[in-house]
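Below is the sequence, then the predicted model.
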Amino acid sequence: MTAVGSPMSGARAADLLERELSAAVRRREAGFGEETVWVGREDLVAACTLLRDHQDAAYTTPVFVTAVDWPDREPAQPRFDVVYMLRSLQYNDTCRLIVQVTEDDPSVPSLERVFAGMDWHERECFDLLGINFTGHHDLKRILLPTDWDGHPLRKDYASFGEPIAFTHNLEWALPAQERPRDMPGASR
Amino acid sequence: MTTLPPPGAPTADLDPLSEQYEASRERLGIERGLDSIDLVEIGDSTMELNMGPMHPSTHGVLRLVLDLDGEVVRECRPDIGYLHTGFEKDFERHTYWQCIPYTDRMDYLAPLFNNLGFSLAVERLLGIEVPPRGQYLRVIMCELTRLASHLLWYGTGGLDLGATSAFMYAWRDREKLLDINELVSGVRMHTSFIRVGGLMADVPDEFYGLVGEVIKTFPKLIDEHELLLTRNPIFRQRTIGLGTLNAEDAMAYGATGPVLRGSGVAYDLRKAAPYSSYDHFDFDVPIGRTGDVYDRYLVRMQEMRESLKIIQQAFANLPGGPVNTSDRRVALPPRNELNTSMESLIYHFKLVTEGMRVPAGQVYQAVESPRGELGFYLVSDGSTRPYRCKVRAPSFSNLSALPYMVRGELIADVVAVIGSIDITLGDVDR
Amino acid sequence: MGLSNELSVTSPASGRIVFADADAGTIALPRTGAAERTAVQSGIVTTTFGKLIQWGRYSSLWPALFGLACCAIEMMSSTASRYDMSRFGAEVFRASPRQADLMIVAGRVSQKMAPVLRHIYDQMPEPKWVISMGACASSGGMFNNYAIVQGVDKVVPVDIYIPGCPPRPEGLIDAVMKLQKKIAGELPGSLLG
């Protein structure tokens, strides 16, 4: 079977959150053998601490944190889906939490003190997507140079190297010094 | 006979060549001169040393800024990103078929696992199943890749600690595995052999001979490699008790793979969440006790033997049949049909130019790569390109535990610890 | 319509190699011995002493370790047991650029790594040569995006380009042999005053 079934489903975490912290659960959905819980930003730390410490859950391992950018959803729905995945080695389960944040205030509380491994994952999410993790001890870029402008994985960031030199745009094959001065990127 | 200066007298203005100077140094407690390791402490400040990004032993372009107190590392700050390639942005611009060669280049020491993870994620969204022969061949090729990756780790790890013969032996054996790669796909390293829906193609006849050779000869070769290092007193002195990571901290950092298993946690995705028929095979998951460098070494050496066991079982029970799914949304039609059937031609055309359409949804698929849990979080919006494909890289999380592991160790041991984590910078930086 | 010779990056007339600098536009840097080199484009080394010096230089090229990504693995393979590159004199991979004369840029160069690459190139003493190994180093390869420098020749001057992703170890050895031929045809330049 290609589908893995229950070890990735997250039903245990979703049930626990609905039982103990039902105010935090905004939405719960299942699909492709996995369950996802949408939580509010202000309840995130409490929810993760509960998942980590509760004896029935023991989600002690952070898998990753990232964000998905849906720019066309604004203003009806927030733009970013900040996705957290946590794993419980004891009960062999992996759960997914999503926090939605808007473009004007893309900030989420940091989980650095809850899971030691979230430190670098949050820095990477900030670096590539611009999500601000409040309370992080040193939120700076990790993969790109520190003076880089912009957040590349956002949908409005155009990733561009250089055009491929065909015969119709042969000027690109010339050394930079000899290109026509009015070409875009001619100074490179 | 010279008179000694009174105790406590300043020696700064004495001529260093005079006898009085020698004698006064004795009074300060420096018994053996400048060779003594009991130097007077100069002060509290640490020295900041930059290691990398160009360094022979950092296994790629990793930069470490070490705060040294003499030779002892007080703090280690890794600086990564020197190999950031923007894979995740490239995934969003290419169709699913075109993404497969990109996945090869992420963890470039075990390329087939990247292919496998991505393909499994897409197959889950599509809801298709790979035929048994395809699954078994995937298992065989992946375990061969695990062997190759562990051999590379062994060779480079040994080379870092000074065992050049280990490097030569390991790479000689690795070449045999790369020969198999070349036979089935034409390329030694980035084969892109595992694709959505199955494999690139069925394996040729010589494959059976080569894999049979591997199964026959490799156990003894691994014994040879163990002979070089496992009981070697120099190796043991350099690795036992070093870079210890206990189980709770390993879990808190998100470490997976041999780093986690070396710390005593028996978690292997092939057992915990089996994919691609791994539950058909009987193999053990080796774990360590203390989580030091030597334990991780032993775990990986044993994992090589377990991989051979899996390859043997899969090879012995290899079923016949097709290797690719017959689902026409994904698989190209057989070429002889293109001459007679219009629909096949249209399918072929749409699949090649537009790509396959994947239903909207999100899925997380993880595989057990030689470095740990390699996961693909795939979000699809129903089109022919991934909307967002986040790669959960094992080396990224394993490396975040490095500052914890080297605090208090000597700088010469930092190299051994990095080698034991077995990072691939392509994986870390993506 | 074919590509004419005017499109090559090395312009023989002036003997200078022109390359782009990301910040300041273009810099034309004269290379040591460039004038002498242009005079012998046809590949004739005149003096016996010059031949001897060049033989010494190409027979024991010391590469600086500059393995970045996947091509580095094939570079290591080419020094390992099967494709033994020490047969060609390039066995001693120096960790310090100050002791090296050949830089094999093996792998993709990211934007963060490019200044480091230039720094290491500058630290190498003359005479020095650069081999750009693989598609990513030669032209950016399959990564036509924000993060990868589209060709290492935007940062350092390159002598030999090797296509492939990754090139086979035999490809790298072929490049080293071609470089040896190229060095044999050059004049020692500064050593002769």
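Cool, the structure landed. Numbering: from 1, shown residues only, chains lettered A, B, ... in the order given.

C-alpha from now on. contacts and neighbour counts both.
Will do.

interface residues of chain C facing chain B?
Proximity of chain C to chain B, by Cα under 8 Å from any Cα of the partner chain, involves residues C:65-70, C:77, C:80-82, C:95, C:108-113, C:116, C:143, C:145-148, C:165-166, C:168.

If we use 7 Å, what do you get?
When proximity is defined by Cα under 7 Å from any Cα of the partner chain, chain C lies next to chain B at C:65-70, C:80-82, C:95, C:109-110, C:112-113, C:147-148.

Got a PyMOL select line for the buried ones in those residues?
Here is the PyMOL selection string for the buried members of those, based on 16 or more other Cα atoms under 10 Å in any protein chain shown:
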select buried, chain C and resi 65+66+67+68+69+70+80+81+95+109+110+112+113+147+148
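
and the one residue sitting closest to the centre of chain A, what pLDDT?
The C-alpha lying nearest the average C-alpha coordinate of chain A belongs to residue A:66 (Cα atoms, centre = their mean; 1.5 Å). Model confidence at residue A:66, given as pLDDT, is 92.

which residues of chain C fall in helices?
Under the criterion DSSP state H, helices of chain C are mapped to C:34-39, C:48-59, C:70-79, C:114-123, C:134-139, C:169-185.

Need the winner for burial among these.
Using mean count of other Cα atoms under 10 Å in any protein chain shown, the stretch among the helices of chain C with the largest mean neighbour count is helix C:134-139, at a mean of 26.

Can you narrow the residues of chain C next to chain B down to the ones near chain A?
Applying Cα under 7 Å from any Cα, the subset of the residues of chain C next to chain B adjacent to chain A comprises residue C:112.

So which of the residues of chain C next to chain B are in strands?
With DSSP state E as the criterion, strands contain none of the residues of chain C next to chain B.

which one of the residues of chain C next to chain B is nearest residue A:130?
Of all the residues of chain C next to chain B, residue A:130 sits closest to residue C:147, with 16.8 Å by Cα to Cα.

May I ask you to confirm that the closest one is in contact with residue B:86?
Yes: judged on Cα atoms under 7 Å, residue C:147 makes contact with residue B:86 at a distance of 5.8 Å.

follow-up on the earlier one: got TSV for the helices of chain C, with mean pLDDT too?
Below are the helices of chain C laid out as TSV (pLDDT from 0 to 100):
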stretch	mean pLDDT
helix C:34-39	44
helix C:48-59	80
helix C:70-79	89
helix C:114-123	86
helix C:134-139	90
helix C:169-185	87
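
Using JSON lines, please lay out those together with distance to residue B:137.
Listed next are these as JSON lines, based on distance: least, Cα to Cα, whole Å:
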{"stretch": "helix C:34-39", "distance to residue B:137": "56"}
{"stretch": "helix C:48-59", "distance to residue B:137": "46"}
{"stretch": "helix C:70-79", "distance to residue B:137": "25"}
{"stretch": "helix C:114-123", "distance to residue B:137": "41"}
{"stretch": "helix C:134-139", "distance to residue B:137": "30"}
{"stretch": "helix C:169-185", "distance to residue B:137": "27"}
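
Minimum distance to residue A:37: which of these has it?
helix C:70-79 (38.9 Å).

Got phi/psi on the closest residue in space to residue A:158 that isn't next to it in sequence?
Leaving aside its sequence neighbours, residue A:158 sits nearest to residue A:152 (Cα to Cα, 6 or more residues apart in numbering or on different chains; 7.7 Å). Dihedral angles of residue A:152 (phi, psi; degrees, to the nearest 10) stand at phi -60, psi -30.

Three-state assignment for the spatially closest residue to residue A:140 that is not a sequence neighbour, please.
Nearest non-adjacent residue to residue A:140, counting by Cα to Cα, 6+ apart: residue A:123, 6.2 Å away. Applying DSSP: H, G, I helix; E, B strand; the rest coil to residue A:123 yields a three-state assignment of helix.

ok, now which ones touch residue A:123?
Going by Cα atoms under 7 Å, 6 or more residues apart in numbering or on different chains, residue A:123 touches A:139-142.

Which of those sits closest to residue B:349?
Closest to residue B:349, out of all of the contacts of residue A:123 and judged by Cα to Cα, is residue A:142, at 42.2 Å.

For that closest one, I want the exact helix or strand it lies within.
For residue A:142, there is no host helix or strand (DSSP states H and E).

Where does pLDDT dip in chain A?
Across chain A, the ranges flagged by pLDDT under 70 are A:1-8, A:171-188.

Swap in 80 and give it another go.
In the predicted model, chain A carries pLDDT under 80 at residues A:1-8, A:74, A:159-188.

same thing with the stretch 51-200 of chain B?
B:52, B:54, B:56-59.

how about the residues of it that lie near chain C?
Residues of the stretch 51-200 of chain B found near chain C (Cα under 7 Å from any Cα) are B:54-56, B:60-61, B:81-86, B:108, B:168, B:171-172.

Among the residues you listed, which lie within helices?
In this view, those that belong to helices under DSSP H are B:168, B:171-172.

Let's have those in CSV, adding distance to residue C:173 and neighbour count.
What follows is those, written out as CSV (distance: Cα to Cα, whole Å; neighbours: other Cα atoms under 10 Å in any protein chain shown):
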residue, distance to residue C:173, neighbour count
B:168, 18, 20
B:171, 17, 24
B:172, 18, 18
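
I'd like the distance between residue B:54 and residue B:293.
24 Å (Cα to Cα, to the nearest Å).
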